[in-house]
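Q: Provided below for reference: sequence and predicted model.
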Amino acid sequence: MSIFTNRLNISFNIDAIQQDFEFIRLERQQNGKWYGARELDYLLGKDFNASAVMFQYSKYAYAMFKKPLDVYQLLSKIRENEEFKNDAVIKVTPKAILASSEDCICEEWLAQILLNSLSSSRSRFAKYHYCNLTGSLLLVRDFEGKNKDCIDVAKITLKKGYLLEIKTARHRTKISILTELKNTVDNKRKQELKNALDKPNYIFEASTGSLRRHLPRDGEIDAKIIYIECGLKGKKASTPFLEFGNIDNFYKSRAGVFHHIMVSIHEHLSKYMDANFYCREIDDNFPLTSTLLKSPKQLHSKLDGQAIHIVDRVNDEESADLAIRLKQLLLPYITNEKLITVGKGDKKDALNFRIIHDADFYDKMAQEDEYLPSTDRFRRQHLTIESARNVTDAIVKTIIKEQLIKRDISSRTLNLFDWAKLELKGVWTFAAWDEERNHVVFMEIQPNGNFEFYEIEDRGIFNWEKFDKYKDAMIDSSSGDKSRTLEGLVISDTGDINQIFRSDEITIPELSKIEAIINEVETEFPENKRSGNALAGLIQEFMTESSSKDNEELVKFSDELEILGSNEIDKKSFKKLLNERLRKSSNISSELRNYLLNKHHIRLIFSKQKENLEDLFDASLNIKYFGETEKEAYYFVGDQNVKDYSFKDACHLRKILAVKDSKLIFRQLLQTMDVDFVRTGQSTVIPFPFKYIREYKNFGVAK
């Protein structure tokens with residue numbers, strides 16, 4: 001069993017690169033000042049067509065030019081600019097690996113500039129050529145929508161270790177930014193918009209489906225077609241990782257962009273480099289089975305006899321209606337309606353659901369904020385009138401599980417997870433950094449599930465030798481700060497310490513296979529199998545070969561098709577008719593679809609049968625553990641199953657490191673992520689005790 005990740009295996013053909021391209025390097029930092037894109041616009045965009053420019057790294061910018069090119073003339077022209085005289089601009093050589101301090105462009109930088117060239121003009125007519133000065137590859141996957149004033153752009157970069165990264169960057173037309181600036185009264189927002197207007201100007205280039213820099217040769221700036229990176233107020237740019245309901249959605253998703261990039265590399269850059277997704281072998285596959293929050297009945301045992309109190313701190317008609325609605329939605333999760341009460345103040349030992357206003361309301365009205373943290377005596381969950389007007393069952397399920405976690409914390413006992421099933425000996429410890437107070441919080445769990453928290457604020461409170469030992473494992477030795485990617489420590493009963501690091505490496509499903517299946521579904525019937533008669537013949541053929549040949553519904557379905565005679569029917573109408581006559585999820589429907597696929601290569605649906613999903617999406621399902629050595633291992637947590645033909649997020653690899661003389665112990669904790677009470681309805685990506693630590697940090701002093 002193996003999976004692909006976004007780490008690329010790249011091998012360069014340096015001879016071919018040197019044969020076709022010249023490279024120059026510009027040093028952008030002179031006399032303490034930073035020179036960037038605008039200087040490049042002037043220097044390169046006026047007289048020379050660079051195939052690609054790369055300047056997102058370090059103090060250098062690199063430009064790649066197709067041969068033939070008079071490099072001496074180019075360098076002389078650039079050095080006429082006072083800021084780039086002497087050695088500020090030089091010719092460099094492409095290298096696969098940096099072997100010395102020689103002036104070159106190599107490794108990820110070389111691969112990135114080749115990637116950037118994918119957005120360069122490929123026209124055979126010189127008049128259509130342009131200088132690609134974006135510094136990166138900016139792909140536009142959806143430019144046919146109704147609103148072209150705002151587009152989400154895929155920014156493609158190669159990070160250290162050849163990690164291919166795709167981020168969504170929202171761009172807006174200059175006119176839309178100017179219009180918002182004119183109409184806004186928020187000074188902070190005004191400054192954000194003014195800062196955006198100072199950013200580079202781009203034009204959509206339809207021939208390559210990408211953004212390119214606006215150059216002087218393009219003439220005057222038309223604010224209606226110029227794009228600038230700028231977000232919409234209160235709206236975050238995001239793109240689903242993978243959608244496969246139809247081919248358009250697939251291509252627009254980030255996974256579709258990954259696929260497009262790899263296809264483009266093979267099509268346009270294979271002469272210069274060979275690139276493929278890195279393949280990792282899986283050592284252990286742990287299925288996700290937890291269903292605590294799947295249905296109300298599964299929560300009954302957890303809420304049995306538990307008092308629930310709705311606290312209305314707003315006291316108006318709207319809050320009273322919300323309290324009634326909230327009670328109705330809570331009823332399916334309890335066994336006795338009398339356990340739910342409504343009042344004005346909190347109740348000790350009850351689960352208190354407090355209805356309050358949001359912070360902005362209290363600030364504007366100069367009133368004391370009604371928010372109160374939970375304590376060991378009072379468990380509190382807040383709903384604000386402003387955000388909970390349309391409270392749903394999903395919201396209620398979430399706030400219930402949050403309360404149950406708080407109840408566990410106040411009782412110092414795990415009730416949502418059977419800790420004993422792990423069969424761990426002695427006390428196991430989880431340690432996380434408290435960013436706000438700059439100290440460490442420990443959670444120590446006994447074999448029976450009882451636990452305790454310890455806060456390390458100074459050496460006088462706790463065993464300082466133990467504190468220093470753990471603190472050292474959480475600090476970046478080079479900076480002295482908490483390690484940016486460290487998510488926590490796990491310490492076994494024998495004192496073995498394992499670090500958990502979040503990486504930027506993500507898993508990649510079988511994209512080529514997925515694309516092929518979607519295309520097969522959307523491909524129309526073969527020409528000789530489009531008429532009613534032809535399709536009726538296929539149904540009759542199926543009846544003679546299947547065990548359900550005397551099925552009355554099949555006969556009716558065949559007769560209905562025969563009525564169409566020689567008239568053609570498209571695949572969409574045929575599927576609709578099939579679902580109506582035979583029922584979409586019936587066994588006979590499934591058998592017929594499989595028969596048409598296997599016997600006649602006609603695919604009607606994207607099958608969500610278990611075997612098919614495991615073949616295509618194994619990189620996005622369950623818990624996978626791999627790469628284990630004496631000192632390190634990797635894992636990722638995917639979804640329990642495939643929902644709605646999409647995956648919202650990619651699966652990030654976590655790296656486990658055994659500290660100093662410690663052994664790897666993390667494998668024993670894989671089950672601690674098979675829970676659905678950390679992220680409602682989804683498994684957690686790190687052991688659930690870290691959720692308890694996060695909640696404990698928000699607890700207040702008992703009162």
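A: Sure, I can see it.

Q: tell me the mean pLDDT for the lengthiest helix in the chain?
A: Ordering each helix of the chain by length in residues (DSSP state H) puts helix 393-411 first. Averaged over helix 393-411, pLDDT sits at 93.

Q: okay, the angle between the helix or strand harbouring residue 319 and helix 393-411?
A: Using DSSP states H and E, residue 319 falls within helix 317-330. Between helix 317-330 and helix 393-411, the angle comes out at 80 degrees (axes from the mean of the first three to the mean of the last three Cα atoms, to 10 degrees).

Q: What residues sit buried inside the next helix or strand after helix 317-330?
A: Sequence order places strand 340-343 as the next helix or strand after helix 317-330, per DSSP H and E. Using 16 or more other Cβ atoms under 10 Å as the test for burial, strand 340-343 gives 340, 342. For glycine as for every other residue, the C-beta is placed from the backbone atoms N, C-alpha and C.

Q: in its sheet, what does strand 340-343 sit against?
A: Strand pairing for strand 340-343, using DSSP bridges, gives strand 308-312 (parallel).

Q: Alpha carbons only: can I get the strand it pairs with in CSV?
A: Output of strand 308-312 as CSV, limited to C-alpha atoms (Å, rounded to 0.1, in the frame of the first residue of the first chain):
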residue,chain,number,x,y,z
ILE,A,308,-29.2,21.2,31.3
HIS,A,309,-29.9,24.9,32.0
ILE,A,310,-30.6,27.6,29.4
VAL,A,311,-29.5,31.0,30.7
ASP,A,312,-31.1,34.0,29.0
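
Q: avg pLDDT for it?
A: On average, strand 308-312 scores 96.

Q: again, but for stretch 618-632
A: So the average pLDDT for stretch 618-632 ends up being 94.

Q: Going by neighbour count, which residues in that stretch are buried?
A: 618-626, 628, 632.

Q: Which of these fall in strands?
A: Per DSSP state E, strands hold the following members of the buried residues of stretch 618-632: 623-626, 632.

Q: What segments of the stretch 151-300 of the chain are strands?
A: 163-173, 202-205, 210-213, 227-229, 242-243, 273-286 (DSSP state E, counting those that start in this stretch).

Q: will you turn the ones you listed into JSON lines that also has mean neighbour count, distance to residue 573 and mean pLDDT?
A: Shown next, in JSON lines, are these (neighbours: other Cβ atoms under 10 Å; distance: least, Cβ to Cβ, whole Å; pLDDT from 0 to 100):
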{"stretch": "strand 163-173", "mean neighbour count": "19", "distance to residue 573": "36", "mean pLDDT": "94"}
{"stretch": "strand 202-205", "mean neighbour count": "20", "distance to residue 573": "36", "mean pLDDT": "88"}
{"stretch": "strand 210-213", "mean neighbour count": "23", "distance to residue 573": "37", "mean pLDDT": "86"}
{"stretch": "strand 227-229", "mean neighbour count": "21", "distance to residue 573": "40", "mean pLDDT": "94"}
{"stretch": "strand 242-243", "mean neighbour count": "24", "distance to residue 573": "24", "mean pLDDT": "96"}
{"stretch": "strand 273-286", "mean neighbour count": "16", "distance to residue 573": "39", "mean pLDDT": "96"}
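
Q: Out of those, which is closest to residue 591?
A: strand 242-243 (28.5 Å; Cβ to Cβ).

Q: Outside of that closest one itself, list whatever touches it.
A: 249-250, 252-256, 509, 514, 620, 645-647, 650 (Cβ atoms under 8 Å, 6 or more residues apart in numbering).

Q: Could you do stretch 164-175 as well?
A: Here stretch 164-175 has contacts from 6-8, 138, 148-159, 197, 201-202, 211, 221, 223-232, 237-239, 254, 257-258, 261, 504, using Cβ under 8 Å, 6+ apart.

Q: Over to residue 564: give its phi and psi.
A: Backbone geometry at residue 564, expressed as degrees, to the nearest 10, gives phi -70, psi -20.

Q: That one reaches residue 532, doesn't it?
A: Yes. At 2.6 Å, residue 564 counts as touching residue 532 under the criterion of Cβ atoms under 8 Å.

Q: which residues pair with the residue lying closest to residue 225 once chain neighbours are set aside across the strands?
A: With Cβ to Cβ, 6 or more residues apart in numbering as the criterion, residue 225 has its nearest non-adjacent residue at 6.5 Å, and that residue is residue 203. With DSSP bridges applied, residue 203 shows beta-bridge pairing to residue 212.

Q: Show me where the stretch 51-200 of the chain dips below the pLDDT cut-off.
A: Scanning the stretch 51-200 of the chain for pLDDT under 70 picks out the ranges 56-57, 83, 85-86, 121-133, 144-147.

Q: Now do the helices in it.
A: 71-79, 107-116, 174-183, 187-197 (DSSP state H, counting those that start in this stretch).

Q: Give me whichever of those helices is most buried.
A: Mean neighbour count, computed with mean count of other Cβ atoms under 10 Å, is highest for helix 107-116 among the helices of the stretch 51-200 of the chain, reaching a mean of 24.

Q: Please work out which residues outside that one touch it.
A: 8, 10, 12, 17, 23, 52-54, 56-57, 62, 64, 94-98, 105, 132, 134-137, 156-162, 261, 265, 269, 272-273, 275.

Q: Got the confidence number for the closest residue to residue 640 other than its chain neighbours?
A: In space, and not counting its chain neighbours, residue 640 is closest to residue 288: 4.1 Å by Cβ to Cβ, 6+ apart. pLDDT, residue 288: 90.

Q: try residue 461
A: Taking residue 461 on its own, its pLDDT is 49.

Q: Over to residue 612?
A: On the pLDDT scale, residue 612 gets 85.

Q: Now it: which helix or strand?
A: Assigned by DSSP H and E, residue 612 falls in helix 610-617.

Q: Alpha carbons only: can I get that helix in PDB?
A: Extracted C-alpha coordinates of helix 610-617, given in PDB (Å, rounded to 0.1, in the frame of the first residue of the first chain):
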ATOM      1  CA  LYS A 610     -16.000   0.900  -0.900                       C
ATOM      2  CA  GLU A 611     -13.500  -0.900  -3.200                       C
ATOM      3  CA  ASN A 612     -13.500   1.900  -5.800                       C
ATOM      4  CA  LEU A 613     -13.200   4.700  -3.200                       C
ATOM      5  CA  GLU A 614     -10.300   2.900  -1.400                       C
ATOM      6  CA  ASP A 615      -8.500   2.600  -4.800                       C
ATOM      7  CA  LEU A 616      -8.900   6.300  -5.700                       C
ATOM      8  CA  PHE A 617      -8.900   8.100  -2.300                       C
END
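
Q: now the helices: where do they sit in the stretch 551-700 of the chain?
A: With DSSP H, counting those that start in this stretch as the criterion, the stretch 551-700 of the chain has helices spanning 552-564, 571-582, 587-600, 610-617, 689-697.
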